[in-house]
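**Student:** need a 3D model of the sequence below.
(one chain, ligands or ions: 2)
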Amino acid sequence: MNQRKTGSQDQSSQAFDAFDAFANAIFKLAETFLKSLFEIFKGISYGTIPYFKLGIITGILCLIILFEIDYKVLNLFGFGYLYPKNATLFSIYKWMIVSSPWWIWGMAQMGKKKRFQKMIDDVIHFSNLKAANDRHKGLDFIFDKKNPDGISYMRLKQNAIPISDLEKAKSNFEAKFQIYIDSFERVDGGEVDINYSKIPLTSNYRFNFSEVNGMDEFIVGKTLFKTVKADFSKTPHFLVAGQTGGGKSSFLRQLSVTLLKNDPESELTMIDLKRGAEFDIFENIPRVNVAKDMDSAILRLNQVEKLLDKRLSESGGGLYGRRSYNKTNFTRHVVIVDEIAEIFVAGSEFSEQKEDIKKAKAILSKIARLGRSVNINAVLATQRPDVKALDSQIKANLSGVICYTMPNDASSKVVLDRGSATDLPLISGRAIYKNGSSYMEVQTPYLSKDIAYRELKEFYTKDEEKIMVPKNDEYFESAEF
Ligand SMILES: Nc1ncnc2c1ncn2[C@@H]1O[C@H](COP(=O)(O)OP(=O)(O)OP(=O)(O)O)[C@@H](O)[C@H]1O
Ligand SMILES: [Mg+2]
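**Tutor:** Ligands and ions are numbered 1, 2, ... in the order given. The predicted structure follows:
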């Protein structure tokens, strides 16, 4: 009796196990089906589903069923009896086959989501990312998409992790996903897009004058996806910083050539006390004054100050008169200094030069504060952006920053308010461009001295008188600025 009872218990538990396994399988199938359906809906709403490709495959499958090619193939291998003969079964079979590309795509997305999420979790772990509210939930993968113009982007749910922290983890993202990140872009609803390319940013971007259109425009560089330009009428003053060999002087060269060619009236005051030779090719141009020593630098800066005062009074009292005056009245005058520290620091031990240095600082500060309204701009380059080399008040007015590789986080922070210039690859011409609060990695255009010289030839004067370095303010009085 007992034995019989145990036997029936065994049988019923086996039946129960079989039922359990069957229910589990059905449950898994339903779960996969629903998840796949969810991925299809997500694909439709985010536009990531490849309608065209899936549509073509669906069309081919329709033709296969219409011409009974599937049956013929099964028959050929002796499995013709498997083909559904019952009308209902055939209907189910038909719809399953025809819609299969979409389900399979949905399932592939499920796999992709899992893989990407795992990689994202690894990046979070390596980069020690934390949410701002400290309730760290990680980043959630939403989708990954490639636009027809070649720009790929991955959308993530931010879960309160600040974008600035994501930017710090940029190189970990790049290494894990084998991609090159252009930017992190905020999307409404607490989401962020990582814009990326699989092709690295060029390390050889040749200056191309035809890419410049506006009179006040010049090229800052190429990002992974676009050419970035700056405009003096929008960003009046620039700082060009970075350690030796980054490309500061080359940047000043291409910018100066662009300005002179683009705006036939533009004037430049160029100061290079470090090497004295960086601006040689500009010396014979009447619209350009080049200073190679402290005395002529002070003289030139004094001249620019006079010009600034003159324009400010003409425009109705400077800053307060800005509203009533039309700034296109004034010719653009740009003061370009290669290695600002040479003016501010190098000569400071000589007491007789102390007053001059103070004066130079005061003039540059005045240009940075008031120059914008009267088309007088400053572009200052330095290897050492510390307080000694660059007055903080002047720095605060240089809203455009081109920062080449920096030796340490501290100096990068002084220039960019963040340490990212230490992570730049050691490629000449590779820089971070900061304009207001936006940051981007760029490869700046390169223009060799030889080609620059050829570009400038049309501007060189034949009149030897004009290119002589003036000894006093007479030149300024007679010059038309
Ligand atoms: N945009 C660029 N693309 C490619 N190579 C560049 C670029 N700019 C500069 N280079 C290369 O790097 C070299 C050094 O550039 P540059 O003299 O402009 O550096 P720098 O920052 O002024 O250095 P230093 O602080 O010593 O004056 C150039 O001779 C050139 O070969
Ligand atoms: Mg230089």
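**Student:** I figured residue 186 hits residue 163, correct?
**Tutor:** Yes: counting by CB atoms under 8 Å, residue 186 touches residue 163, with 6.1 Å between them. For glycine as for every other residue, the C-beta is placed from the backbone atoms N, C-alpha and C.
**Student:** common neighbours of the two, please.
**Tutor:** Taking CB atoms under 8 Å, 6 or more residues apart in numbering as the contact rule, residue 186 and residue 163 both touch residue 192.
**Student:** ok, now which ones touch the residue of the chain found nearest ligand 2?
**Tutor:** Nearest to ligand 2, among the residues of the chain, is residue 249, at 3.2 Å (CB to the ion). Residue 249 makes contacts with 275, 278, 338, 381, as judged by CB under 8 Å, 6+ apart.
**Student:** kindly report the same for residue 287.
**Tutor:** 260, 265, 266, 267, 268, 459 are the contacts of residue 287 under CB under 8 Å, 6+ apart.
**Student:** same thing with residue 248?
**Tutor:** 240, 241, 242, 338, 381, 382, 383, 404.
**Student:** just give me the least confident of those.
**Tutor:** Among these, residue 383 carries the weakest pLDDT, at 90.
**Student:** who touches it in this structure?
**Tutor:** Contacts here follow CB under 8 Å, 6+ apart; on that basis residue 383 touches 241, 242, 243, 244, 248, 339, 341.
**Student:** need phi/psi at it.
**Tutor:** phi -90, psi -30 (degrees, to the nearest 10).
**Student:** one more: residue 48?
**Tutor:** For residue 48, the backbone dihedrals (degrees, to the nearest 10) come out as phi -90, psi -10.
**Student:** ok, now residue 228?
**Tutor:** According to degrees, to the nearest 10, residue 228 has phi -100, psi 130.
**Student:** and the one 4 residues further on, by the same measure?
**Tutor:** Recorded main-chain torsions at residue 232 are phi -60, psi -30, according to degrees, to the nearest 10.
**Student:** now the closest residue to it other than its chain neighbours: how far from residue 380?
**Tutor:** The shortest distance from residue 232 to any non-neighbouring residue, by CB to CB, 6 or more residues apart in numbering, is to residue 216 (4.2 Å). Distance of residue 216 to residue 380, given as CB to CB, to the nearest Å: 18 Å.
**Student:** who has more neighbours, those two?
**Tutor:** residue 380 (27 against 21; other CB atoms under 10 Å).
**Student:** where does the more buried one sit, in terms of helix or strand?
**Tutor:** For residue 380, the element it lies in under DSSP states H and E is strand 376-382.
**Student:** grab the longest helix from this protein for me.
**Tutor:** Across the chain, the longest stretch assigned as helix under DSSP state H is helix 2-46.
**Student:** which residue does the stretch 201-350 of the chain bring closest to ligand 1?
**Tutor:** Residue nearest to ligand 1 within the stretch 201-350 of the chain: residue 247 (2.8 Å; CB to the nearest ligand atom).
**Student:** pretty sure that residue sits against residue 427.
**Tutor:** No: counting by CB under 8 Å, residue 247 stays clear of residue 427, with 9.2 Å between them.
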